[in-house]
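In: only the shape, not the letters, is given here:
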């Protein structure tokens, strides 16, 4: 008992000395090895809050009852610190809200939350040996019919910041530098000796004898060691626990644990991650996985080339069902040509997935060559091959493509693309031709595409035409239009033809404080059966579908703090359903007071005609008060 009594008094005395030193010498008592804090950090606390008043009313012609809801909520928070903001900072919040429904009941909600951050900046003292930064969090919410609670932890640990490990790292770096200097000195000495021997041979040689040819020596590239990376990785840990409970009902608990380690330099990126998730309640489940990654990067500045080798392995388990996923992607790119404008890209890799249920794998390779013939003519060639197996079926995708861009003049640009390939369903090919015209202030783009592709429903011949126009009529008035038309013929068990179009046009007008947008769109699809020798009768009925819309949006600044928006849409489709929607939003900002008022009316006609309306008013007041303590 005497020992505990003495220990208690000792801790009390130590605490008293610490507080006294801080109060007496605030600029010198930089605990944990921090420098003198600024006056703002030392004395300032931030008191913050928010108040919301919300009125929401919805009613419909299909019902005699109106749904009314009034909500008032209050939130108060404090941002502060202990001794030094860089050492310990915290964010405390508490809130209360009440929702009154008519018809219905009143629902009260209460919540508190706290977030504590430790070691926000790297200290200079003994605390450098500890993980930093560290975040502790907690929250709790209580409603009339439910309860929620959560807490968590996040931290990062960098062994390289530890003075003990820092000494090891610096010693290794010093050894590397010394080894490099000795290697360079030895190479220089060997080069000088070879040069002296060559000079002696030249002097001893006969005058009529030709001097031996000296081959130019290419400088050796600097040796790079793959294992020569940051010796100590950075570790990160996250843990969160979440509990949700319905009154007189089930309780759900969720746990999430995640730990990561990363180490990298210019040529190597290594990472590993383990995560565990547990879901408990009416249905319980567990999920965990181990993810490993190793990426290698090689650079050749002289040849302007780069090689990336990306590797990843993931071992997972979900409710006792295990799986393994292995992936590799290798990419190489190099600029070529006299002015290094051409680019060669090669890529290859594989993907393997195996579980207790299925096994899938895939390998592939591709290459792209970007060629710049002139400033007007550019070409791109693509080769691709992909083969794999999924769900006991072989998959294949191989194609060769070419895309050509030619600048005919300052006004016209011509594009051409072609593709030929094959999948497990059959052969494919596609061609396209586009023409663009810059007729200032109007730009026109037109394109035609044809494709013959093997799909699950059958071989499809598709024709597609595109016409896009945009430009400016006056300084404040502009327009845009996008139009498509397509025809597709599908042959198979149930052959059919589908054709349709998409038309859209918009007009934009910016004048003074007004911004106006008016537009229209028209979409139509027609699908019909096609007679075939293999099909004696029609197996599908013709399908016609269309949708036509008119829309507008007007925004106006009533003043520097007032903003009004009015939007409307009218839509009608082939099923006889028409929709009219008008939505108005008014915003008024007065310093820290925000008033938002909305009114919306939606009118539907058809099988279930009705009119729905809604009024929403929200008033928000925020405040922040900087509190300063004594010196």
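Out: Yep, that arrived. Quick caveat, the model's predicted, so the values are computed rather than measured.

In: just the helices in the chain please.
Out: For the chain, the helices defined by DSSP state H cover 2-24, 39-43, 163-204.

In: can you give me the mean pLDDT across the first one?
Out: Meaning helix 2-24. Helix 2-24 shows a mean pLDDT of 49.

In: measure how buried residue 85 is and give me the count.
Out: 22 (other Cβ atoms under 10 Å). All C-beta spots, glycine's among them, are computed from the backbone N, C-alpha and C.

In: phi, psi of the closest residue to residue 575 other than its chain neighbours?
Out: Nearest residue to residue 575, sequence neighbours excluded (Cβ to Cβ, 6 or more residues apart in numbering): residue 606, at 7.1 Å. In terms of degrees, to the nearest 10, the main-chain angles of residue 606 are phi 140, psi -140.

In: what is the neighbour count of residue 482?
Out: Residues near residue 482, counting by other Cβ under 10 Å: 16.

In: pretty sure it contacts residue 468?
Out: Yes - with contact defined as Cβ atoms under 8 Å, residue 482 and residue 468 form a contacting pair (4.9 Å).

In: wait, isn't residue 556 in contact with residue 513?
Out: Yes - judged on Cβ under 8 Å, residue 556 makes contact with residue 513 at a distance of 5.5 Å.

In: quick one: low-confidence residue ranges for the stretch 51-200 of the chain.
Out: 124-126, 161-170, 173 (pLDDT under 70).

In: same check, this time on the chain
Out: Applying pLDDT under 70 to the chain flags the ranges 1-43, 124-126, 161-170, 173, 201-231, 282, 530-542, 629-631.

In: longest strand anywhere in it?
Out: Secondary structure assigned by DSSP state E gives strand 610-628 as the longest strand of the chain.

In: who does that strand touch, helix- and strand-wise?
Out: strand 44-60, strand 593-605 (3 or more Cβ pairs under 8 Å, 6 or more residues apart in numbering; DSSP states H and E).

In: can I get the ones you listed in JSON lines including mean neighbour count?
Out: As requested, these are exported to JSON lines (neighbours: other Cβ atoms under 10 Å):
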{"stretch": "strand 44-60", "mean neighbour count": "16"}
{"stretch": "strand 593-605", "mean neighbour count": "16"}
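
In: now those strands as CSV including distance to residue 521?
Out: Listed next are those as CSV, based on distance: least, Cβ to Cβ, whole Å:
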stretch, distance to residue 521
strand 44-60, 28
strand 593-605, 19
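
In: out of these, nearest to residue 258?
Out: Nearest to residue 258, of all the helices and strands packed on strand 610-628, is strand 44-60, at 30.6 Å by Cβ to Cβ.

In: what lies in contact with that closest one?
Out: Applying Cβ atoms under 8 Å, 6 or more residues apart in numbering, the set of residues contacting strand 44-60 from outside is 65-81, 97, 610-629.

In: mind redoing it with 6 Å?
Out: 66-80, 610, 612-628 (Cβ atoms under 6 Å, 6 or more residues apart in numbering).

In: with stretch 368-388 instead?
Out: Applying Cβ under 6 Å, 6+ apart, the contact partners of stretch 368-388 are 341-345, 361-367, 395-407.

In: so of the residues you listed, which ones are in strands?
Out: Mapping the contacts of stretch 368-388 onto strands (DSSP E) picks out 342-345, 361-367, 395-407.

In: alright, I will stop here.
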